[in-house]
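> no FASTA, just this:
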């Protein structure tokens, strides 16, 4: 079966599985991880970055339902609750940060954010070299690299400084990671249109444009709703925040279609410090088992 077909359908199944199974109050993270590692191994998807992003997406979606205070103690209305710790308040909204604030979720949250930041840096660097190899270096290409690495830096800060214990640093990291990730996908969308030559290239460009617009809308709505004191709007902010992250991860996963054609010549570009490649405008990235990409 085609690897791209498997990747898309497994991603959709991962999102559905994470949302449905995560609703159970006694759901085990360890069982979910075991199932998904086995599923990833069975799919044999060609691109390691896409495999990592698929795993990261499925695990992160499950975190939405792991805020135990929110998920297990709201059995009576807020007005009837007593005691020092209340649930169903604005402090218990299942935002990404809140779902990864307490152990053991915080341990996995830090681990995945740190590993994810490394993959983001790697993808940004490979994409930077690939654009030079296929066309030429440009200010826009450099901007894509810089925004990707800034997003990775913000992701490290977000993952290792939980919101309940280091709120200022956490919000600094979030303020760095979210806008730069949006800028990164926008820049890469423009670069995709500039490099597009075949029908498949334009399909990928249209897909990335759609994802970029979705990311823009969800990030704006998340920010607007997050500033409100309304309990319902705070929930809407959490939904938009999770949708934004899912869209960004899907965008990163779309690079698997192009990274399959990375060769040693592409990596040589990095050592040449962006100098023009001999086949700069007529270069064809040839697949080891199929026709050229262009």
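Right, received. Where do you want to start? A quick note: this is a predicted structure, and the numbers were derived from the prediction, not measured.

> and residue 145, how many neighbours?
18 (other Cβ atoms under 10 Å). All C-beta atoms are positioned from the backbone trio N, CA, C, and that covers glycine.

> Quick check on it: phi, psi?
Main-chain torsions, residue 145, degrees, to the nearest 10: phi -60, psi -50.

> Excluding sequence neighbours, find me the nearest residue to it.
Among residues not flanking residue 145 along the chain, residue 128 sits closest, at 4.3 Å (Cβ to Cβ, 6 or more residues apart in numbering).

> Please, where are all the strands along the stretch 101-250 of the chain?
For the stretch 101-250 of the chain, no strands are identified by DSSP state E, counting those that start in this stretch.

> So for stretch 246-262, mean pLDDT?
Averaged over stretch 246-262, pLDDT sits at 88.

> Show me which positions of that stretch end up buried.
246-262 (16 or more other Cβ atoms under 10 Å).

> again, but for stretch 108-125
Buried residues in stretch 108-125, counted by 16+ other Cβ under 10 Å: 108-110, 112-113, 116-117, 119-121, 123-124.

> And for stretch 127-139?
Neighbour-count burial for stretch 127-139 [16+ other Cβ under 10 Å]: 127-135, 137.

> And the pLDDT at the residue nearest to residue 145?
Note for residue 128: predicted pLDDT of 92.

> roughly how far apart are it and residue 147?
11 Å (Cβ to Cβ, to the nearest Å).

> Residue 118: what's it in contact with?
By Cβ atoms under 8 Å, 6 or more residues apart in numbering, residue 118 lies in contact with residue 152.

> Quick check: it vs residue 152, distance?
From residue 118 across to residue 152, the span is 7 Å (Cβ to Cβ).

> Spatially, which residue comes closest to residue 235, not counting chain neighbours?
Nearest in space to residue 235, with sequence neighbours left out and distances taken as Cβ to Cβ, 6+ apart, is residue 93 at 6.2 Å.

> Report how many residues lie close to the one you found.
Residues lying near residue 93 (other Cβ under 10 Å) number 21.

> what do you get for residue 103?
For residue 103, the neighbour count with other Cβ under 10 Å is 11.

> tell me the phi and psi of it?
Dihedral angles of residue 103 (phi, psi; degrees, to the nearest 10) stand at phi -70, psi 150.

> I figured residue 102 hits residue 164, correct?
Yes: the criterion here is Cβ atoms under 8 Å, and residue 102 meets it with residue 164 at 7.5 Å.

> more crowded one of those two?
Using other Cβ under 10 Å as the criterion, residue 102 and residue 164 rank with residue 102 on top: 17 against 13.

> Against residue 260, how distant is the more buried one?
Using Cβ to Cβ, one gets 40 Å for the distance from residue 102 to residue 260.

> And the helices in this structure, which stretches?
Here the chain has its helices, by DSSP state H, at 3-22, 29-43, 48-62, 68-72, 96-99, 105-134, 139-160, 167-195, 199-226, 231-253, 256-259, 264-271.

> average pLDDT across stretch 192-210?
93.

> and what of stretch 98-115?
pLDDT averaged over stretch 98-115 gives 86.

> Check stretch 272-292 too.
Averaged over stretch 272-292, pLDDT sits at 48.

> so what's residue 215 closest to, chain neighbours aside?
The nearest residue in space to residue 215 (Cβ to Cβ, 6+ apart) is residue 247, at 4.7 Å.

> I should have written residue 184 there, sorry.
residue 147 (4.2 Å).

> Likewise for residue 234?
Closest residue in space to residue 234, ignoring its immediate chain neighbours: residue 93 at 4.6 Å, by Cβ to Cβ, 6+ apart.

> can you pull the pLDDT of that neighbour?
Confidence at residue 93, expressed as pLDDT, is 80.

> Next: residue 235.
87.

> residues near it, how many?
Counted with other Cβ under 10 Å, residue 235 comes out at 15.

> and if you look at residue 271?
Neighbours around residue 271, by other Cβ under 10 Å: 8.

> show me the contacts for it.
Applying Cβ under 8 Å, 6+ apart, we find residue 271 in contact with no residue.

> quick one: it from residue 201, how far?
27 Å.

> again, but for residue 189
Separation of residue 189 from residue 201 (Cβ to Cβ) stands at 12 Å.

> Looking at those two, which one has more neighbours?
Neighbours were counted for residue 189 and for residue 201 using other Cβ under 10 Å; residue 189 has more, 22 against 17.

> Next, give phi and psi for the residue nearest to residue 234.
phi -60, psi 130.

> For it, give me its contacts.
Contacts of residue 93 (Cβ under 8 Å, 6+ apart): 70, 231, 234-235, 237-238.
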